[in-house]
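Q: Make a model of this:
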Amino acid sequence: MGKFKEQLKEIVNLTNYIDISNAADSIRKNINFRGPNVWILASAIIIASVGLNVNSVPVIIGAMLISPLMGPIIGLGLGLGTNDTTLLKVSLKNLGIMVAISILASSLYFLLSPLEMENPTELLARTNPTIYDVLIALFGGFAGIIEISRKEKGTVISGVAIATALMPPLCTVGYGIATLNIHYLIGALYLFFINSVFIALATFVTVKYLKFPTIQLANPSKQKKLNRNITLFTLIMIIPSILSAIVVINENSFNQNVKHFISENKTINNSYIYDYDVTHEKRNGFITISVGGEVLTPSDKELLYRSAESYGIKRENLTINENGAIKDKLSENEMIKSIFERNDQEIKRREEMLDQMDKELQSFKSKELPSTQIAKEIASQYPDLVSFSISRGSAVSPSDLSQTEQIIILVKWKRPVEDETVTRLQKWLSARLNFPNVKVIQEI
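A: Numbering: from 1, shown residues only. From the prediction side, this is the model:
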């Protein structure tokens with residue numbers, strides 16, 4: 001056991017891989033929010049806002065990678081761990097400025113954006129933080145400070161920036177302000193503070209563990225008070241997230257019970273469940289089932305209620321909708337006919353949807369430009385052609401915002417050609433594409 005402990009200690013030991021002096025200098029350099037960092041942050045915020053607006057995960061990840069928000073947060077942890085009040089104040093100041101600029105930029109974007117949020121799953125994911133977000137931020141913070149402290153740098157910081165997700169919550173706060181949605185605003189702001197606090201806390205613990213040089217406080221009681229305040233603040237931040245996690249777990253458990261209940265009671269004599277809906281209100285789950293076929297008898301309903309109770313679903317939380325059921329008793333053939341009719345209606349609805357999608361696809365395809373073929377034909381007529389670009393767009397009038405569809409051709413020659421050649425090419429392209437509004441631009 002002694003040998004095993006020695007080997008384990010050697011494996012987990014960080015001393016030989018850590019450069020404390022360079023780590024402290026690197027953290028201090030990345031705290032200040034001036035010059036390029038301002039523009040990088042503003043750009044990252046707009047990118048993240050667009051990603052949330054269009055529900056695009058890759059765009060959101062890209063924004064998180066270029067965000068400079070991690071610097072001041074790790075600076076907070078270093079300031080707390082080394083008793084450096086000056087560093088602590090500077091970190092807080094710069095973090096406050098970053099947060100203010102981020103919220104302002106995202107609020108302006110969502111105020112001006114014409115896109116509606118029909119299914120904002122990426123936004124909603126930032127409004128209900130749980131204990132799992134705490135764990136992600138905490139262990140992400142550990143990975144981040146260890147990466148900064150080690151001699152040979154890797155790509156861990158990029159992974160931490162993606163995992164802890166500091167940018168999207170601030171963008172969601174901006175969306176909440178722009179739409180006056182208090183639920184989005186408070187939930188996202190709380191998630192951002194969770195991420196920030198526990199990244200800083202992980203930095204604080206690691207700085208203490210690695211024995212970074214500390215500034216000795218004249219009064220030891222101040223150090224005890226500081227440690228007590230950190231513990232109290234951590235508890236205040238973590239308790240709501242635990243409660244939120246309990247709610248999420250309960251909702252998930254209720255949803256699973258509903259699935260089992262529906263699967264077990266898909267058919268009830270000459271009736272059947274063809275649809276169901278689950279809602280959650282005030283920590284209670286509610287289910288509405290839609291029944292087809294014959295109207296349920298009182299005994300059938302009682303069986304359903306008992307089955308629901310066996311899965312933890314209260315009677316008062318189960319609603320039976322029989323609008324699709326038939327009051328008169330059905331024969332077996334009529335029952336099958338009823339099911340097929342309903343299926344036929346659903347198939348017809350889906351076929352209509354597919355037809356509509358096919359028409360839209362054909363419309364898009366009809367507007368495709370044969371760029372490769374046209375490039376070959378132009379190259380055979382103009383050997384001096386170097387590059388060729390073609391795109392379809394719209395010319396917009398600033399006065400009345402009217403739009404005119406046009407095709408733009410960008411060409412580049414070995415040497416500039418006369419306007420007459422450009423005009424001749426423009427006329428030929430207009431005839432070739434059977435489109436009157438063609439514009440050729442010569443790249444000099």
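Q: what's the following helix or strand after the helix or strand where E351 lies?
A: E351 belongs to helix 332-366 when assigned by DSSP states H and E. The helix or strand immediately downstream of helix 332-366 is helix 371-381, counting by DSSP H and E.
Q: which parts of that following helix are buried?
A: 374-375, 378 (16 or more other Cβ atoms under 10 Å). Any C-beta I mention is one placed from the backbone N, CA and C, and that applies to glycine too.
Q: now swap in stretch 14-21 and tell me
A: Those would be I18, for stretch 14-21 by 16+ other Cβ under 10 Å.
Q: For it, give me every contacting residue.
A: Stretch 14-21 is contacted by residues 146, 149-152, 210-213 when judged by Cβ atoms under 8 Å, 6 or more residues apart in numbering.
Q: again, 10 Å this time
A: Outside stretch 14-21, the residues that touch it by Cβ atoms under 10 Å, 6 or more residues apart in numbering are 10, 25-26, 146, 148-152, 206-207, 209-213.
Q: Quick one, which of those are buried?
A: Those of the contacts of stretch 14-21 that meet the buried threshold are 146, 148-150, 206-207, 210, 212, by 16+ other Cβ under 10 Å.
Q: and which of those residues is nearest to A431?
A: Nearest to A431, judged by Cβ to Cβ, of the buried ones among the contacts of stretch 14-21 is I148 at 63.4 Å.
Q: now the buried residues of helix 371-381 as TSV including pLDDT and distance to R415?
A: Below are the buried residues of helix 371-381 laid out as TSV (pLDDT from 0 to 100; distance: Cβ to Cβ, whole Å):
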residue	pLDDT	distance to R415
I374	80	22
A375	79	19
I378	80	16
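Q: What ranges does the chain have for its strands?
A: Counting by DSSP state E, the chain has strands at residues 267-268, 271-281, 284-294, 318-321, 325-326, 385-396, 403-413, 438-443.
Q: Now do the first one: which elements does it pack against?
A: Packing contacts for strand 267-268, counted by 3 or more Cβ pairs under 10 Å, 6 or more residues apart in numbering; DSSP states H and E, involve strand 284-294, helix 298-310.
Q: Could I get the average pLDDT for the first one?
A: Which is strand 284-294. Mean pLDDT, strand 284-294: 85.
Q: Adjacent strands (with direction) for that strand?
A: If you go by DSSP bridges, strand 284-294 pairs up with strand 271-281 (antiparallel), strand 318-321 (parallel), strand 325-326 (parallel).
Q: quick one, longest helix in this structure?
A: In the chain, with assignment by DSSP state H, the single longest helix is helix 220-264.
Q: What is the neighbour count of L354?
A: 10 (other Cβ atoms under 10 Å).
Q: my bad, I61
A: 17.
Q: So it is in contact with I162, correct?
A: Yes - I61 lies in contact with I162 (Cβ atoms under 10 Å); the separation is 5.6 Å.
Q: follow-up on the earlier one: pick the one among the buried ones among the contacts of stretch 14-21 closest to P114.
A: I148 (41.4 Å).
Q: Domain map for the protein?
A: Domains of the chain are assigned by automatic domain parsing as 15-215, 262-364, 371-443.
Q: Quick one: end-to-end length of the first one, please.
A: So that's domain 15-215. 21 Å (Cα to Cα, to the nearest Å).
Q: so how far is K314 from the residue nearest to L318 when sequence neighbours are not counted?
A: Leaving out its chain neighbours, the residue that sits closest to L318 by Cβ to Cβ, 6 or more residues apart in numbering is A308, at 4.9 Å. A308 sits 8 Å away from K314, going by Cβ to Cβ, to the nearest Å.
Q: Compare these two (neighbour count), which wins?
A: Between A308 and K314, counting by other Cβ under 10 Å, A308 is the more crowded of the two (21 against 13).
Q: per-residue confidence for that one?
A: Listed pLDDT for A308 reads 89.
Q: Same question for the one 4 residues further on.
A: Confidence per residue is given as pLDDT, and for G312 that number is 88.
Q: neighbours around it, how many?
A: G312, neighbours per other Cβ under 10 Å, totals 13.
Q: That one: what's it in contact with?
A: Taking Cβ under 10 Å, 6+ apart as the test, what G312 contacts is 253-254, 257-258, 261, 285.
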